[in-house]
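Asker: what would the 3D arrangement of this be:
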Amino acid sequence: MKVFVNDVDLFTGRLVAKLLASSVVGGTNNEGEEEGEEEVGNATEKAKYTIVGSLSSSDAVKPPFVDGIVSNEDRNALFQELLGCDVIVYDISHSQDQAREAEDSITRLREGMESWDGKKTFICLSSVLTWANTKPIDPDDAEAMFQEGDYRKRRSHKRYKQQIDTEKVVYKCGKKTNGKLNVFIINSGITYGEGEDTFHLLFKQAWELKVDALPIYGSAESFIPTIHITDLANIVLHALEGHAQGMKYILAVDEAQSSLAEITKALATQMGNSKTKLVDVDEAFLMEGVSQVAVDMLTIDLKMEMGCAADMPFDWIAREGFVETLPKVIGQYKRARHLEALKLCVYGPPASGKSSLCELLAKEYKLLHIDTEYVTTHTMELMRENIALLDNNEDDDFDTEQAESDKELLGEIEQAHRETGQYENEHLLALFKRQLNSMQCKNHGFIIDSYPIDEETARQLFEPPEQEEEGEEEDDEDEDASLLSKMPQFVFTLDIEDDHLRERVQEMTEKESKYSQGEFEGLLAKYHEENTEDNTILNFFDFYDILPKHLDAMANNATELCALCMDVIGSPHNYGPTKEEREEMEKLAREMKEKADLEEARRRAAEDAIEEAQRQGAQAVWDARLSEIKAQEQEALDQAALPLRTFLMNHIMPTLTKGLMEVCKVKPEDPVDYLAEYLFKNNPQIE
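Answerer: Sure, this is the predicted structure:
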């Protein structure tokens, strides 16, 4: 059986199409019956709905469960495709364009009914906003609820007049067709679940914990008809398979009659900071991400009673409503949006760059950077604020038990700190537990810097909660699963040689350094004492197959180490940084790089200065040695030249001197020849 669903890339169309694509044709009529013969079962299993649909925009992506896409820009081509479908499902709840297209399609199908064979079912998914301005059933009875039979009394919201007109056209086109064209108008409550649509902004604000209080738009007393999107899809399926005989107008709502305040408060308590505030409608549009459609839907005030959908034979996801099934809905939201609490631990010796790495990772993945300094300042301050509300809080949802526990623990910690001047390990453990139980850590995760330091503390920090019912025990597998749910997914340890650490500490300025050289040596010795080959906190993580990743902190600066960690962790499991946050991260990365480059330049300058001094010293020694050698060589030459001088003075110079004097007297034309002739004639040896 072929089904057309419009806008299969949008929330309602996508999830309705997904459920139909996975459903067996006629399967709802066989629920509760015994299984037939094997060959019949196999044949039925193969007979599933074939889905074709349209997309909301040209750049939208076809879902994998949709067999074909039809362009809705050419209405004639679209109509030809609809003629080949057995079921046509139109969602008109979000825009007037959807409503006009649906109205055009049903009108052409009805007018051309004689030209096509077989039977067709047309389902129009509308919104309770077409009831927004309907007068109360009984002004004197606040509990009176609208029923399906009251559909003729409905009055729409001013921006949903096109939708109510389309509803009326669809209803009219379903008359006097002898069953050839069956129509259903399924008027849906505000949908929720599977990643959220209308409620998404509230879910996002609660999860991100960026707002001081979750907003309640308009009136806190307004009632919001709701339905889980999967339950709505099941109503569509059961309506087209004959479970709404005699009904053309169906109210698709759950059993809850929850106010917007109740919905918002439940969400704030279970995923946010437990705080809510009333926000004027006009003020709402000043908030980032708020759309006109969302405000229209969240400011409706209607009480509606479940009708024929109550008797449809399917297992409801949230029959009791939003508030009662919120934990399940929150789980769906996180899975659909890929929002996973990321838990990291970073270890390493002092001055190895752990804090800088943690800061970069915390910025990139939007995590809380927790260390002993954080829990002894921020966490204790959070506890003080919570304690201060004990006597002055009128909120019924205020966690008095947690505040009392904070008061007792804080008193113990402060007394012990006054007596000893330090924080005991048991108190640090309690503070870390308190912080990890915060909603921020539950939603986003955390990055713990150098804690816990031993296996016993790690077991106590990450141990599963005690069972609420006495005598209830978990088997080993369940206990491990509970423990692992709190366990860090990734553990990193920085490797660096002690000599390099000492050089790094020496090169740090007073502002950069957290400790003196003496304090550093003490911390380094303590680190090695706590982390031997046989006794190290890393063994605890090894036991649970969380293999620590070793990083070379000598060869890489903080930015490069962060990149290595990100290669291991993968992409962020959150909404990702905003443009402003990305710019801030890039600025921080540049500053960290400049700092690392400056440190490296200082180190190289120091090395160059040492090398230059050594070179100059060696050159001076070389020059002195060379001068000494030259003097010795000159002395040797002088000594070797003494015999030659004596010979010249005794045998050559007397005759040569007389010859030169003779030349001066005679002044011959060729003095050289004359001197030669003179020396030859007056050679004493010849005489």
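Asker: for Gly445, list each beta-bridge partner.
Answerer: Bridge pairing for Gly445 (DSSP bridges) gives the partners Leu342.
Asker: from Val70, how far off is it?
Answerer: Applying Cβ to Cβ, to the nearest Å, the value for Gly445 to Val70 is 43 Å. All C-beta spots, glycine's among them, are computed from the backbone N, C-alpha and C.
Asker: before we move on, what about Leu232?
Answerer: Distance of Leu232 to Val70, computed by Cβ to Cβ: 23 Å.
Asker: more neighbours, those two?
Answerer: Per other Cβ atoms under 10 Å, whichever of Leu232 and Val70 has more neighbours is Leu232, with 27 against 20.
Asker: pretty sure Ser219 is in a helix, no?
Answerer: No: under DSSP: H, G, I helix; E, B strand; the rest coil, Ser219 falls outside any helix and is assigned coil.
Asker: that one contacts Leu298, doesn't it?
Answerer: No: applying Cβ atoms under 8 Å as the test, Ser219 and Leu298 come out as separate, 10.5 Å apart.
Asker: now the common contact residues for these two.
Answerer: Both Ser219 and Leu298 are in contact with Leu260, where contact means Cβ atoms under 8 Å, 6 or more residues apart in numbering.
Asker: the two: which is more packed in?
Answerer: Shown here are Ser219 and Leu298; by other Cβ under 10 Å, Leu298 has more neighbours (24 against 14).
Asker: any idea how far that one lies from Glu288?
Answerer: For Leu298 relative to Glu288 (Cβ to Cβ), the value is 16 Å.
Asker: one more: Leu240?
Answerer: 40 Å.
Asker: of those two, which one has the most company?
Answerer: Under the criterion of other Cβ under 10 Å, the comparison of Leu240 against Glu288 puts Leu240 first, with 24 against 9.
Asker: ok, and the closest non-adjacent residue to the one residue sitting closest to the centre of the chain?
Answerer: Most central in the chain under Cα atoms, centre = their mean is Asn574, positioned 2.6 Å from the mean C-alpha point. Excluding the flanking residues, the one nearest Asn574 by Cβ to Cβ, 6 or more residues apart in numbering is Lys366, at 5.3 Å.
Asker: just Asn683 next, same as before
Answerer: Thr655 is the one closest to Asn683 (Cβ to Cβ, 6+ apart), at 7.1 Å.
Asker: avg pLDDT for the strand or helix carrying Ala640?
Answerer: Ala640 is part of helix 579-647, with elements assigned from DSSP states H and E. The average pLDDT within helix 579-647 is 84.
Asker: next SSE downstream of that helix?
Answerer: For helix 579-647, the following helix or strand on the C-terminal side (DSSP H and E) is helix 653-666.
Asker: packing partners of that next one?
Answerer: helix 671-681 (3 or more Cβ pairs under 8 Å, 6 or more residues apart in numbering; DSSP states H and E).
Asker: can you give me the buried ones in the helix it packs on?
Answerer: Of all the residues in helix 671-681, those buried under the rule 16 or more other Cβ atoms under 10 Å are Tyr674, Leu675, Tyr678.
Asker: what's the neighbour count on the residue nearest to the last one when sequence neighbours are not counted?
Answerer: Once flanking residues are discounted, Tyr678 sits nearest to Gly659: 4.4 Å by Cβ to Cβ, 6+ apart. Summarising burial for Gly659: neighbours were counted as other Cβ under 10 Å, giving 19.
Asker: ok, Gly659 touching Phe680?
Answerer: No: with contact defined as Cβ under 8 Å, Gly659 does not reach Phe680; the gap is 10.0 Å.
Asker: assign Ile447 to helix, strand or coil.
Answerer: Applying three-state DSSP: Ile447 is strand.
Asker: that one and Leu367 touch, don't they?
Answerer: Yes: using Cβ under 8 Å, Ile447 is in contact with Leu367, at 4.7 Å.
Asker: name the residues contacting each of those two.
Answerer: Here Ile447 and Leu367 have Leu344, Leu361 as joint contacts, going by Cβ under 8 Å, 6+ apart.
Asker: follow-up on the earlier one: against Ile447, how distant is the residue nearest to Asn574?
Answerer: 10 Å.
Asker: of these two, which one has the most company?
Answerer: Ile447 (25 against 19).
Asker: what sits against that one?
Answerer: Lys343, Leu344, Cys345, Val346, Cys358, Leu361, Ala362, Tyr365, Leu367, Leu368, His369, Ile370.
Asker: top of those by neighbour count?
Answerer: Val346 (28 neighbours).
Asker: what helix or strand is that one on?
Answerer: Taking DSSP H and E as the criterion, Val346 maps to strand 342-347.
Asker: for Phe490, phi and psi?
Answerer: The phi/psi pair for Phe490 (degrees, to the nearest 10) reads phi -140, psi 140.
Asker: surely the residue nearest to Asn683 touches Leu679?
Answerer: Yes: if you go by Cβ under 8 Å, Thr655 and Leu679 touch, sitting 6.3 Å apart.
Asker: joint contacts of these two?
Answerer: Counting by Cβ under 8 Å, 6+ apart, Thr655 and Leu679 have no shared contacts at all.
Asker: CA-only coordinates of stretch 589-602, as CSV, when you get a sec.
Answerer: Taking C-alpha atoms only, stretch 589-602 is exported to CSV below (Å, rounded to 0.1, in the frame of the first residue of the first chain):
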residue,chain,number,x,y,z
ALA,A,589,43.7,29.3,21.8
ARG,A,590,45.7,32.2,20.3
GLU,A,591,46.7,33.5,23.7
MET,A,592,47.7,30.0,24.8
LYS,A,593,49.8,29.6,21.7
GLU,A,594,51.4,33.0,22.1
LYS,A,595,52.1,32.1,25.7
ALA,A,596,53.6,28.8,24.7
ASP,A,597,55.6,30.4,21.9
LEU,A,598,56.9,33.1,24.3
GLU,A,599,57.9,30.4,26.8
GLU,A,600,59.6,28.5,24.0
ALA,A,601,61.3,31.7,22.8
ARG,A,602,62.6,32.4,26.3
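Asker: Provide the contact partners of it at residue level.
Answerer: So stretch 589-602 is in contact with Ser356, Leu360, Arg504, Glu507, Asn557, Ala558, Thr559, Cys562, going by Cβ under 8 Å, 6+ apart.
Asker: how many neighbours does the fifth one have?
Answerer: Right, Asn557. For Asn557, using other Cβ under 10 Å, the count is 18.
Asker: what pLDDT does it get?
Answerer: Taking Asn557 on its own, its pLDDT is 90.
Asker: tally of neighbours for Asn539?
Answerer: Asn539 has 14 nearby residues by other Cβ under 10 Å.
Asker: check Glu412 too.
Answerer: Glu412 has 14 neighbouring residues, counting by other Cβ under 10 Å.
Asker: in what helix or strand does it lie?
Answerer: Per DSSP H and E: helix 400-420 holds Glu412.
Asker: so which bits of that helix are buried?
Answerer: Ala403, Ser405, Asp406, Lys407, Leu409, Leu410, Ile413.
Asker: return the member of those nearest to Tyr151.
Answerer: Ala403 (49.8 Å; Cβ to Cβ).
Asker: circling back to that earlier point, quick one, what contacts the residue nearest to Asn683?
Answerer: Counting by Cβ under 8 Å, 6+ apart, Thr655 touches Leu679, Asn682, Asn683, Pro684.
Asker: lowest pLDDT pick from those?
Answerer: Comparing pLDDT over the contacts of Thr655, the lowest score belongs to Pro684 (77).
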